[in-house]
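J.: Return a 3D structure for these sequence lines:
(2 chains)
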Amino acid sequence: RKEVEQDPGPFNVPEGATVAFNCTYSNSASQSFFWYRQDCRKEPKLLMSVYSSGNEDGRFTAQLNRASQYISLLIRDSKLSDSATYLCVVNADTGFQKLVFGTGTRLLVSP
Amino acid sequence: DAGVTQSPTHLIKTRGQQVTLRCSPKSGHDTVSWYQQALGQGPQFIFQYYEEEERQRGNFPDRFSGHQFPNYSSELNVNALLLGDSALYLCASSLARHGNTEAFFGQGTRLTVV
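T.: Residues are numbered from 1 along each chain as shown, chains lettered A, B, ... in the order given. The predicted structure is shown next:
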């Protein structure tokens, strides 16, 4: 079983749609959680950190359920520029930053 | 403020050869991590350097080695290259005392082994 599992997609949605991505992780000792965005042939960039209380940044909302070891990302009012691969990322270590990535979920937003 | 820089951006090597990739961390960062990203996969942790020592390693063979210099820059060396080593190699920098905060990635080195 992979440490971080995501549906690879692709998710094809029209502009303005709401889309949700889910992710599960296997290590219950994981300490911090992130969503990264990666454009084609580019480096990953932090989209947002994920907290148990949930957090929102504009059109993006992230949720963490520690009991179920489940992380989600909701994108509202999708834009063409949201087309990218979204990587679910977990850091299992408190002292170090050893990031464990999912395979990524590809999102394609069409006009 | 310079971000994370990696060199070269692209590289083609032959099976059995050795390669060295380089990374300069973001200004003020002291920790460098290396990741391998195969096509269609998420990045996989290779190892991390702090205070010029490897302090954590992922599931990669000894053919993968590294080094960190006093100025915090780092090198990744891969010996006896295999076709399966073809991937995007990413360097990420962070600040050790801010354990769980953002890692900044370089643009990567795309290695092709033929």
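J.: secondary structure class for B:Gly84?
T.: Counting by DSSP: H, G, I helix; E, B strand; the rest coil, the backbone at B:Gly84 sits in helix.
J.: same question but for A:Ser81, I mixed them up
T.: helix.
J.: Pull the number of nearby residues for the nearest residue to it once chain neighbours are set aside.
T.: In space, and not counting its chain neighbours, A:Ser81 is closest to A:Val109: 7.9 Å by C-beta to C-beta, 6 or more residues apart in numbering or on different chains. Placement of C-beta: from N, CA and C, glycine included. By the criterion of other C-beta atoms under 10 Å in any protein chain shown, A:Val109 has 20 neighbours.
J.: Please, which helix or strand holds A:Val109?
T.: Per DSSP states H and E, A:Val109 falls inside strand A:105-110.
J.: ok, and what's touching that strand?
T.: When contacts are defined by C-beta atoms under 8 Å, 6 or more residues apart in numbering or on different chains, strand A:105-110 is touched by residues A:6-15, A:17, A:19, A:21, A:75, A:78-86, A:88.
J.: and B:Gln18, what pLDDT?
T.: Each residue has a pLDDT score; the one for B:Gln18 is 98.
J.: Against B:Leu76, how distant is it?
T.: Look at B:Gln18 and B:Leu76: by C-beta to C-beta, to the nearest Å, they are 11 Å apart.
J.: So those two - more neighbours on which side?
T.: More neighbours surround B:Leu76 than the other of B:Gln18 and B:Leu76, with 25 against 11 (other C-beta under 10 Å).
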